[in-house]
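1. Below are the sequence and a predicted model; questions follow.
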Amino acid sequence: MKQNKLIKPKALRHGDTLGVVATSTPIHVSSQETIERGYAFLRSKGFRIVEAANCRKMMGHAAGSIEERVQALHDFFKNPEINGIISYWGGHQTHQLLEYLDFDLIRNNPKPFIGFSDVTSLHAALYSQAGLISFSGPAVITFGKPTVPEYTWDHFEKVLMGHADSLTLKSSETFSDNKWYLESAKKMIFKPSPSWRVYRSGKAQGELVGGNIGTLLLLAGTKYWPDLRGKIFFAEEDESENPKTVDRIFTHLRQMKVFEQIAGMIIGRFSSDAGFSEQDSFEMILDQALKGYDFPVMTGIDFGHTDPLVTLPMGIQCRIDTEKREITYLESGVVDK
């Protein structure tokens, strides 16, 4: 059954206020230096910052109780002085919130919600339950790193602060995936970026839906699982995964018949820590998982747990063209104010 027309939130503008949320892990597990650097970057771009009350709370391993984390989201969505909501980072427990969210409240107060990784579950629920376009893209932690690539900010600005009818994405020239936060120099190392790789050639068009696969699979069998029929599926995994676990995840997608439904797939760049090699490559995993399917696939795309990263509006019409190695948004994810 075709989904009703999705709701596009209002575009962000200079001078707007962003509400910062921690839907799983509290922000003070990060360093205060990183927190302040992220806030300073966003302020330098013209935003005001309001931090949710639960962000620095700790209840067990989470940023306060489920009720406190849900309340933070409700408060920001219904507060007219908050123009957009951005996650500080991810974690493991965002999906705990879904059954307690007031999707009518959210639907009646649409605004941009931005983040990646564990907040994939919230993106999926906003899409499937509220019909709201949200944005898999930078979190505050992204802007709190020692270097923020121009590519990251450029895409954030074009997607969330513009409303062009179309936008074509191409590969970044450099990327970084070193664990800067564990190293004494606290410096990101950028290397030449290989072009987006074509695993299977072709063109496809459909709504853009996906996120962190491990998080999305937590919703399998629930009402929050998004309809993937005819969609362009975007998928990424974090630096804790390895060939064995990625193989298991893609087998799960195959056995759920996801690959029977989608029109095309784009896969985010894996960290070098994932441990792929010529003898145990990601392509070998795809060879098995995608056996019998012929939709176009590109890998090594600029999103996920490396830098830089694009901003992906969940639910907009999108086209992929492997010959040109291009991803084109065929509509804006926001409306002008």
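-> In hand now; what should we look at?
2. And the most centrally placed residue in the chain, how close does it get to residue 12?
-> The centroid of the chain falls nearest to residue 136 when counting by C-alpha atoms, centre = their mean (2.7 Å). Residue 136 sits 16 Å away from residue 12, taking C-beta to C-beta, to the nearest Å as the criterion. (Glycine included, C-beta is placed from N, CA and C.)
3. again, but for residue 182
-> 33 Å.
4. These two: which is more packed in?
-> Taking other C-beta atoms under 10 Å, residue 182 and residue 12 do not tie; residue 12 has more neighbours (26 against 7).
5. Help me confirm that that one comes into contact with residue 158.
-> No - with contact defined as C-beta atoms under 8 Å, residue 12 does not reach residue 158; the gap is 11.4 Å.
6. and the residue nearest to the centre of the chain, bridged to which residues?
-> residue 115, residue 312 (DSSP bridges).
7. Is it in contact with residue 112, as I believe?
-> No - judged on C-beta under 8 Å, residue 136 makes no contact with residue 112 at a distance of 11.7 Å.
8. pLDDT score assigned to the residue nearest to the centre of the chain?
-> pLDDT for residue 136: 98.
9. Run through the residues that contact it.
-> By C-beta atoms under 8 Å, 6 or more residues apart in numbering, the contact list for residue 136 reads 115-116, 120, 123, 210-211, 234, 303, 311-312, 314.
10. make it 6 Å
-> 116, 123, 211, 312 (C-beta atoms under 6 Å, 6 or more residues apart in numbering).
11. Tell me how far it lies from residue 168.
-> Taking C-beta to C-beta, one finds residue 136 at 18 Å from residue 168.
12. Same check on residue 305?
-> As for residue 305, its distance to residue 168 is 24 Å (criterion: C-beta to C-beta).
13. ok, these two, which is more surrounded?
-> Using other C-beta under 10 Å as the criterion, residue 305 and residue 168 rank with residue 305 on top: 22 against 12.
14. Contact partners for that one?
-> 238-239, 271.
15. Buried ones only from these, please, as a PyMOL command.
-> Only the buried entries of those go into this PyMOL selection, using 16 or more other C-beta atoms under 10 Å:
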select buried, resi 238+271
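16. what secondary structure does the residue of the chain positioned farthest from its centre sit in?
-> Relative to the centre of the chain, and counting by C-alpha atoms, centre = their mean, the farthest-placed residue is residue 279 at 29.9 Å. What DSSP: H, G, I helix; E, B strand; the rest coil gives for residue 279 is coil.
17. Residue 195 contacts residue 170, correct?
-> No - Residue 195 lies out of contact with residue 170 (C-beta atoms under 6 Å); the separation is 8.8 Å.
18. How about residues contacting stretch 267-287?
-> Counting by C-beta under 6 Å, 6+ apart, 177, 199, 235-236, 239, 241-243, 246-247, 250, 299-301, 303-306 sit against stretch 267-287.
19. what's the span of that stretch, first residue to last?
-> Counting by C-alpha to C-alpha, to the nearest Å, you get 14 Å between the two ends of stretch 267-287.
20. How far off centre is it?
-> On the basis of C-alpha atoms, centre = their mean, to the nearest Å, stretch 267-287 sits 20 Å off its chain's mean C-alpha point.
21. Against residue 213, how distant is residue 233?
-> Distance from residue 233 to residue 213, by C-beta to C-beta: 9 Å.
22. One more: residue 89?
-> Noted for residue 89: a distance of 18 Å to residue 213, by C-beta to C-beta.
23. try residue 97
-> Distance from residue 97 to residue 213, by C-beta to C-beta: 20 Å.
24. neighbour count winner among those two?
-> Legend: neighbour count by other C-beta under 10 Å for residue 97 and residue 213, higher for residue 213 (23 against 20).
25. wouldn't the more buried one be in contact with residue 235 here?
-> Yes - counting by C-beta under 6 Å, residue 213 does reach residue 235; the two are 4.9 Å apart.
26. Please enumerate the helices of the stretch 101-250 of the chain.
-> 103-108, 120-125, 140-143, 150-160, 213-216, 243-255 (DSSP state H, counting those that start in this stretch).
27. Let me know which of those helices is tucked in deepest.
-> Most buried of the helices of the stretch 101-250 of the chain, by mean neighbour count (mean count of other C-beta atoms under 10 Å): helix 120-125, with a mean of 27.
28. chain center to that one: distance?
-> For helix 120-125, the separation from the chain centroid amounts to 9 Å (computed by C-alpha atoms, centre = their mean).
29. and what of stretch 19-26?
-> 15 Å.
30. Please spell out which residues along stretch 82-96 are buried.
-> The neighbour-count check on stretch 82-96 (16+ other C-beta under 10 Å) flags 82-91, 93-96 as buried.
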